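1. the sequence and its predicted three-dimensional model are supplied below.
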Amino acid sequence: MSAATAARGTMPLAAHAREARRRATRAAVAFALCVVVGFWLADPVLDVLRRPVEELALSRDASLNYDTVTGAFDLTLTLALSTAAVLSSPVWLTELFLFVTPGLTRRERRVALGFAAAALPLFLAGCAFGLMIFPHMVAMLTGFSSDADSTILNASYYVGFVVKLMLATGVAFVLPVFMVLLNVLGLVSAATLRRSWRVIVVVITLFSALVTPAADVLSMFLVAVPMSALFGLALLITWAHDRRAARKETSCSA
């Protein structure tokens, strides 16, 4: 094995497969343990998600309902798996990062580490934002019906609505980090992003319309606005990076 190959941390295919199996096993064990915790937390989580419906029930007949015999178990399983995915994310993300980094150069590892350090908090912040706004969305969307009507919500669809909203806002908060990553790797310049801002805003709007589970303008608006603000912040970061790189290149040439 050459020095360059060793520096990049390459390994034979069989060793690579063993490494992947070992890290996948650790991630799976962590996820399985978190599923147990997720089952324990399913009732408290459902209590939190049920609060907007309980507030709605103060003014009209409103409740969550199960339309199948296994509906309650299916909902509990969905909550347990969703909770486990979030709780175990530090473990499986770490294992994924450690699996990938041996094949990267030192600079690429620094970039990947910086990306992971920024992406995970932003994803969690986006999920928290989705959790924060969903009671207002439930109140707004159900407010179109008369107080004389009954609001009978399918429990599975209702929880799916909340989970999809949280995931949508989480992904929306992370996407601008990809822009910065592409800029740092030299694949996209700040000038290119600045010239394409109109197209990017349209793409953000379309993305928000596709990923938001409710077919209403408010849902799209609540995702598109913070995502556009993060795009603006990412544009400033890429501009500062390109400016610093240009000054460094000028000083080196001088």
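-> The structure has been received and is ready for your questions.
2. by contact count, what packs against the longest helix seen in the chain?
-> As assigned by DSSP state H, the longest helix anywhere in the chain is helix 13-56. Judged by 3 or more Cβ pairs under 8 Å, 6 or more residues apart in numbering; DSSP states H and E, the packing partners of helix 13-56 are strand 62-65, helix 71-87, helix 89-100, helix 106-142, strand 151-154, helix 155-184. C-beta: built from backbone N, CA, C; applies to glycine.
3. want to throw the ones you listed into TSV with mean pLDDT and mean neighbour count?
-> Compiled in TSV, those are given as follows (pLDDT from 0 to 100; neighbours: other Cβ atoms under 10 Å):
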stretch	mean pLDDT	mean neighbour count
strand 62-65	84	16
helix 71-87	88	17
helix 89-100	79	15
helix 106-142	79	16
strand 151-154	83	16
helix 155-184	81	20
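4. who wins for proximity to Ala15 among the ones you listed?
-> Closest to Ala15 of the helices and strands packed on helix 13-56 is helix 89-100 (Cβ to Cβ; 12.1 Å).
5. give the other helices and strands that the closest one contacts.
-> Counting contacts by 3+ Cβ pairs under 8 Å, 6+ apart, helix 89-100 is packed against helix 13-56, helix 106-142.
6. now do the longest one and helix 106-142, the angle between them.
-> With axes from the mean of the first three to the mean of the last three Cα atoms, to 10 degrees as the basis, helix 13-56 and helix 106-142 are set at 20 degrees to each other.
7. for helix 13-56, the distance to its chain's centre please.
-> 15 Å (Cα atoms, centre = their mean, to the nearest Å).
8. what angle separates it from helix 71-87?
-> 120 degrees.
9. and the helix or strand containing Leu193, what other elements does it pack with?
-> Assigned by DSSP states H and E, Leu193 belongs to helix 190-195. Counting contacts by 3+ Cβ pairs under 8 Å, 6+ apart, helix 190-195 is packed against helix 155-184, helix 217-253.
10. any residues touching that helix, and which ones?
-> Residues from elsewhere that reach helix 190-195 (Cβ atoms under 8 Å, 6 or more residues apart in numbering): Met179, Asn183, Ile200, Ala234, Leu235, Thr238, Trp239, His241, Asp242.
11. from these, pick the one nearest Gly143.
-> Comparing the contacts of helix 190-195 against Gly143 with Cβ to Cβ places Ile200 closest, at 33.1 Å.
12. could you look up the SS state of that closest one?
-> Assigned with DSSP: H, G, I helix; E, B strand; the rest coil, Ile200 falls in the helix class.
13. surely it is in contact with Phe231?
-> Yes: using Cβ atoms under 8 Å, Ile200 makes contact with Phe231 at a distance of 6.2 Å.
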